[in-house]
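S.K.: Return a 3D structure for these sequence lines:
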Amino acid sequence: MTERENPRCPGRIDADWKNRRTSFPDAPMPGPETFQALGEAKIRRIIERQHNELWSSPSGRLFGDEEHFRQVVTHAADYFVEILGGPARYIPQRGRPMLRVRHRPFGVTAVDREIWLRALARAMAAEAVPQSVAETIWAWVEPLSMRMIQQLPDPETLSRPGLEQMGFTVDPDTPATKNVAPGNTASENTV
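M.R.: Coordinates of the predicted model:
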């Protein structure tokens, strides 16, 4: 392995940083049209719904107590709003995302990743996100989520689920399932 300065973090020396990063599939960033299609309120509802499902799943252990959980939901919603082309809500408050570093203390597993992806797909379906917009978001978050796993197997052996496999369906005749975090009512979970 060779050591060199990491161009994404000036002053930081990484051992063969480029080879580590290129073993993951590309995670193409959504354009501003994604935010235009959804708007801030809907993005926040999607993230709230996703995280409420996570809270009641085996991955809920990652959030600690309810106060920390609420902070995580706010930070995640701010991040998604900004990254999907909306106003700067995350970086001015939290700085550069550094997602892998921020997730490191929680010991995210491949199973946690699949639970997270499934919850996001279901949340997008429940909020009636148009298929093309959901596919744009999925093309970004699915490969990006691989980078959050702390004990990463070979990226080529990770499951690469599609939206439908994870529960994304837009069926106007099916009522949305509401997952509510402890201490909240369904009306408190809307933005």
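S.K.: Residue 38 contacts residue 84, doesn't it?
M.R.: Yes. Using Cβ atoms under 8 Å, residue 38 is in contact with residue 84, at 6.9 Å. The C-beta positions use only the backbone N, C-alpha and C, and glycine is treated the same way.
S.K.: Stretch 31-39: how far from the chain's middle?
M.R.: With Cα atoms, centre = their mean, to the nearest Å as the basis, stretch 31-39 stands 16 Å off its chain's centre.
S.K.: again with stretch 78-89
M.R.: Worked out by Cα atoms, centre = their mean, stretch 78-89 lies 13 Å from the chain centre.
S.K.: first vs last residue of it, how far apart are they?
M.R.: The separation between the terminal residues of stretch 78-89, taken as Cα to Cα, to the nearest Å, is 5 Å.
S.K.: In terms of helices and strands, where is the most centrally placed residue in the chain?
M.R.: Closest residue to the average C-alpha location of the chain: residue 141 at 6.0 Å, with Cα atoms, centre = their mean. Taking DSSP states H and E as the definition, residue 141 sits inside helix 131-146.
S.K.: Need the residues that contact that helix.
M.R.: 24-31, 34, 37-38, 84, 99, 113, 116-117, 120-121, 124-125, 129, 152, 155, 158, 160-163, 168, 170 (Cβ atoms under 8 Å, 6 or more residues apart in numbering).
S.K.: Drop anything exposed from these.
M.R.: 30, 34, 37-38, 84, 113, 116-117, 120-121, 124-125, 129, 152, 158, 161, 163, 168 (16 or more other Cβ atoms under 10 Å).
S.K.: about what we covered before: and the helix holding residue 141, which residues are buried?
M.R.: For helix 131-146, by 16+ other Cβ under 10 Å, it's 133-134, 136-146.
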